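S.K.: no sequence on this one, just coordinates:
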């Protein structure tokens with residue numbers, strides 16, 4: 001029995017019939033703060049998104065010339081992961097609230113635990129297998145499971161802090177220029193910071209910014225670097241999986257980037273013989289997602305997703321709660337990826353309802369792609385209002401995933417028109433032109 005079956009079976013008494021969205025997450029929150037007046041006027045749906053969103057980000061100028069402090073609350077993800085909060089996700093994914101603070105050369109990390117303990121020192125490692133390793137200022141070494149961490153205030157350089165700040169500003173304003181600035185700053189920070197986990201974090205944020213720009217092929221190439229650093233990366237929420245057809249090129253995409261992404265994915269698709277040299281569930285999951293649309297590799301991609309749907313930790317990590325959670329999340333995502341094929345075969349009502357249950361088991365920051373497929377399934381069943389609302393919710397909350405947001409907005413407009421709500425459909429089309437028209 002795979003993780004999906006086990007998770008659903010244990011929750012039959014409290015069956016989830018619809019996706020529960022908590023508007024937090026990793027680059028997937030639209031209008032996370034109150035939208036500017038001009039945005040609200042052009043798109044009244046933005047007000048609904050703002051009301052649903054529990055996320056708040058404060059950009060506070062630093063007190064020194066080395067950079068600025070970027071303060072992110074516990075429900076957010078300026079990092080590629082959010083705090084471990086079992087109440088927010090039935091799968092209990094590994095998520096840590098990382099708060100980047102520019103401190104120049106005097107680097108001291110502060111680790112705050114849920115039990116109230118606060119540690120000062122340096123981070124040695126962060127992983128979805130084995131948790132966080134911390135060296136305290138008195139010389140003691142501590143290994144802490146991710147779900148025991150409340151917040152990590154990580155010391156970073158000024159470029160890193162400014163890069164995260166640019167990303168958050170780009171997400172707030174919908175400004176592609178800020179996302180491009182974030183990419184440049186974070187890539188520069190990655191070159192100068194020798195700490196492995198900091199390079200991984202910066203790379204995950206580069207992935208987020210590229211996805212926000214619609215450059216999913218380039219984002220995939222960057223995330224494979226994360227997979228090389230750690231096959232059980234705690235930055236799994238940044239994984240740029242594909243949830244829509246890749247037949248057409250989106251904004252910022254190119255044939256060369258597409259070919260390179262597919263060639264790289266083909267190298268990561270085997271179970272063990274991949275560029276990392278070890279079993280790598282994250283790399284294989286992303287590779288299968290990319291190649292599911294490939295005529296040449298589709299069969300192998302489907303087989304890989306079947307294997308990953310029963311993902312288990314290595315034998316020497318079976319008692320590691322972090323590794324178990326990582327594999328459970330991979331299994332759920334692999335299961336959801338296979339729905340991309342099933343949406344083409346007229347799924348039954350029971351099947352689509354099961355999809356909704358499974359999507360609700362994922363961490364909130366990873367639900368939008370699966371939820372898009374649930375809405376697609378509802379549309380095929382003639383559940384027009386459920387489809388319209390499902391597409392709309394994804395369109396609103398996926399502001400930092402350009403390709404998914406653009407497709408969901410278009411389909412939401414069509415669905416609202418189908419149920420006779422033409423004014424809302426027209427509003428969505430105008431909003432799509434404003435948000436996505438430039439750079440097509």
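M.R.: It's in. Values in this document were obtained by computation on a predicted structure and should not be read as measured data.

S.K.: going forward, measure contacts and count neighbours with C-alpha atoms only.
M.R.: Will do.

S.K.: how near is the spatially most distant residue from the centre of the chain to residue 184?
M.R.: In the chain, counting by CA atoms, centre = their mean, residue 138 sits farthest out from the average C-alpha position, at 36.1 Å. Distance of residue 138 to residue 184, given as CA to CA, to the nearest Å: 37 Å.

S.K.: swap in residue 290?
M.R.: According to CA to CA, residue 290 and residue 184 sit 25 Å apart.

S.K.: Compare the two and say which is more crowded by neighbours.
M.R.: Ranked by neighbour count (other CA atoms under 10 Å), residue 290 and residue 184 place residue 290 first, with 28 against 15.

S.K.: Just say helix, strand or coil for that one.
M.R.: What DSSP: H, G, I helix; E, B strand; the rest coil gives for residue 290 is helix.

S.K.: Poorly predicted segments of the chain, please.
M.R.: Confidence mapping of the chain against pLDDT under 70 gives the ranges 1-96, 103-106, 246-253, 438-440.

S.K.: Return the residues in contact with residue 220.
M.R.: Each residue near residue 220 by CA atoms under 8 Å, 6 or more residues apart in numbering is listed here: 207, 239-240, 261, 286.

S.K.: Just among the residues you listed, which is most surrounded?
M.R.: Ranking those using other CA under 10 Å puts residue 207 first, with 29 neighbours.

S.K.: Spit out the contact partners of it.
M.R.: Listed by CA under 8 Å, 6+ apart, the contact partners of residue 207 are 219-220, 222-223, 238-240.

S.K.: and what of residue 202?
M.R.: By CA under 8 Å, 6+ apart, the residues touching residue 202 are 79, 160, 186-187, 189-190.

S.K.: that's a strand at it, yeah?
M.R.: No - using three-state DSSP, the assignment for residue 202 is helix, not a strand.

S.K.: helices and strands around the helix or strand that contains residue 160, which ones?
M.R.: Secondary-structure element containing residue 160, defined by DSSP states H and E: helix 158-173. If you count contacts as 3 or more CA pairs under 8 Å, 6 or more residues apart in numbering; DSSP states H and E, helix 158-173 packs onto strand 69-72, strand 98-102, helix 176-192, helix 196-212.

S.K.: Export the ones you listed to JSON lines and append columns for distance to residue 133.
M.R.: Listed next are the helices and strands packed on helix 158-173 as JSON lines, based on distance: least, CA to CA, whole Å:
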{"stretch": "strand 69-72", "distance to residue 133": "22"}
{"stretch": "strand 98-102", "distance to residue 133": "14"}
{"stretch": "helix 176-192", "distance to residue 133": "20"}
{"stretch": "helix 196-212", "distance to residue 133": "11"}
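
S.K.: roughly how far apart are the residue nearest to residue 308 when sequence neighbours are not counted and residue 212?
M.R.: Nearest in space to residue 308, with sequence neighbours left out and distances taken as CA to CA, 6 or more residues apart in numbering, is residue 331 at 5.4 Å. To residue 212, residue 331 is 25 Å away according to CA to CA.

S.K.: Those two: who's more crowded?
M.R.: For the pair residue 331 and residue 212, the greater number of neighbours falls to residue 212 (29 against 26), based on other CA under 10 Å.

S.K.: Residue 404 is in contact with the more buried one, correct?
M.R.: No - counting by CA atoms under 8 Å, no contact exists between residue 212 and residue 404, whose distance comes to 9.7 Å.

S.K.: can I assume residue 227 is in contact with residue 278?
M.R.: No - contact criterion CA under 8 Å: residue 227 and residue 278 do not qualify, at 10.4 Å.

S.K.: More neighbours: which of those two?
M.R.: For residue 227 versus residue 278, neighbours defined as other CA under 10 Å are more numerous around residue 227 (24 against 12).

S.K.: host element of the more buried one?
M.R.: Element membership for residue 227 (DSSP H and E) is helix 216-229.

S.K.: now do residue 122
M.R.: Using DSSP H and E, the secondary-structure element containing residue 122 is strand 118-127.

S.K.: Give the partner strands of that strand in its sheet and their orientations.
M.R.: In the sheet containing strand 118-127, its partner strands are strand 109-113 (antiparallel), strand 131-136 (antiparallel), by DSSP bridges.

S.K.: Of all those, which one is nearest residue 244?
M.R.: For residue 244, the closest of the strands paired with strand 118-127 is strand 131-136, at 32.8 Å, according to CA to CA.

S.K.: What lies in contact with that closest one?
M.R.: Residues outside strand 131-136 that contact it (CA under 8 Å, 6+ apart) are 119-126, 141-146, 322.

S.K.: Same question for stretch 186-193.
M.R.: 157, 159-160, 163-164, 198-199, 202-203, 205-206.

S.K.: okay but residue 279 is in contact with residue 231, surely?
M.R.: Yes - distance between residue 279 and residue 231: 7.5 Å, which falls inside the contact criterion (CA under 8 Å).

S.K.: So the two - more neighbours on which side?
M.R.: residue 231 (21 against 17).

S.K.: Now the more buried one. Its backbone dihedrals?
M.R.: Dihedral pair for residue 231: phi -70, psi -10, per degrees, to the nearest 10.

S.K.: Could I get the phi/psi values of the residue nearest to it when sequence neighbours are not counted?
M.R.: Residue nearest to residue 231 in three dimensions, not counting chain neighbours: residue 280, with 4.8 Å by CA to CA, 6+ apart. In terms of degrees, to the nearest 10, the main-chain angles of residue 280 are phi -140, psi 90.
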